[in-house]
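Chemist: Fold the following.
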Amino acid sequence: MIRRAITDLVLVGPAALAIVIFIFLPAIVVILLAFTDYQFGSSTANWIGVDNFTSLFGSKIGRKALTNTLIYAGIVIPASVGLGLLVAIGLHHLTTSLPKASNILRAIYFLPVSATLVAMAVSWQMLLHPSLGLINNWLSILGIAPQQWLSNRDLVLYTLAVIGIWQSVGYNMVLFLAGLAAIPKTLYDAAEVDGVTGGWSRFWVVTWPMLGPITMFVIIVTAANAFRVFESVAAMTKGGPAFASDTIVYAIYREGFVYFKAGYASAITVIFFIALLLLTALQIALVERKVHYR
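Modeler: Just a heads-up that it's a prediction; the model follows:
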């Protein structure tokens, strides 16, 4: 028993120690800093209680970051999950008839996932340029007035949401393709014997229930990525114009590493963590009821 316990400790100990040092201890430090007025570079910190949290919810800029993040996630999550499923179903059926074309399309859809988002952001900036961008040029050909996609406060957040959808569809497609490939063909044969012959009926009776576990995983991952949006905001808009595209994670970066308000940035981090934790628990509670595991 002692030898086995020592062996288990040797195997588990390093990983557990790394988790404690690099995850739990920093999390505890952030929680403590959230109740102080500490600034990076300062040798002292005063305990101020919940003042940072009050400032966050009482500030128009703080509320704007929270609202923008919710709107962004509300657009990106359903659109990227739905489009990822549609693309996966199309490519899954195309595999049997045109396998080479299916492989090429898979690579094209997955390119935004594998490419560096900062490099992709530069490409999007060129496409969305007010006068030289291809998108406005195409709109001009159609008789539509050019738009200030990244400078208009009414459009910038939705423009970033479209880019977020474009980035997420490929990853979701791959996950759904794996789920579709794992569905036994015998289930479709059994459903056909029971009179389920139409494509739409086969989807609702067989495909959709069998994709329950992978769908729950896709929703959770997509939601986490949507609420953590940072790279596109930092590279393309920096939260502007007039904080119209400001998000929670970018606010954490700005307050902590631009203004050096470590305490305030920690308070935003704590709120963000709690919100993300509650959202994940809610998703699991709601989706779990309709998920069937095999």
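
Chemist: what residue is smack in the middle of this structure?
Modeler: Nearest to the geometric centre of the chain sits residue 225, at 1.8 Å (C-alpha atoms, centre = their mean).

Chemist: Please compute how far the one helix or strand it maps to lies from its chain's middle.
Modeler: If you go by DSSP states H and E, residue 225 is part of helix 212-227. Centroid separation between helix 212-227 and its chain, computed with C-alpha atoms, centre = their mean, to the nearest Å, is 8 Å.

Chemist: Which strands and helices lie in contact with it?
Modeler: helix 60-97, helix 156-181, helix 262-287 (3 or more C-beta pairs under 8 Å, 6 or more residues apart in numbering; DSSP states H and E). Bear in mind the C-beta positions are built from the backbone N, C-alpha and C, glycine included.

Chemist: can I get those in CSV with mean neighbour count?
Modeler: Shown next, in CSV, are the helices and strands packed on helix 212-227 (neighbours: other C-beta atoms under 10 Å):
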stretch, mean neighbour count
helix 60-97, 18
helix 156-181, 21
helix 262-287, 17
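
Chemist: Export these to CSV and append columns for distance to residue 47 and mean pLDDT.
Modeler: Output for these, formatted as CSV (distance: least, C-beta to C-beta, whole Å; pLDDT from 0 to 100):
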stretch, distance to residue 47, mean pLDDT
helix 60-97, 21, 91
helix 156-181, 36, 92
helix 262-287, 10, 84
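
Chemist: Residue 232: which of these is closest?
Modeler: helix 156-181 (5.5 Å; C-beta to C-beta).

Chemist: Tell me which residues are up against the following helix or strand past the closest one.
Modeler: Next helix or strand after helix 156-181 toward the C-terminus (DSSP H and E): helix 185-193. If you take C-beta atoms under 8 Å, 6 or more residues apart in numbering as the criterion, helix 185-193 is touched by 201, 202, 205, 206, 210.

Chemist: try it again with 7 Å
Modeler: When contacts are defined by C-beta atoms under 7 Å, 6 or more residues apart in numbering, helix 185-193 is touched by residues 202, 205, 206.

Chemist: Which residues are in contact with residue 80?
Modeler: 165, 168, 169, 172, 222.

Chemist: Now do the nearest residue to it once chain neighbours are set aside against residue 205, distance only.
Modeler: What sits nearest to residue 80 in space, not counting adjacent residues and going by C-beta to C-beta, 6 or more residues apart in numbering, is residue 168, at 3.7 Å. Residue 168 sits 28 Å away from residue 205, taking C-beta to C-beta, to the nearest Å as the criterion.
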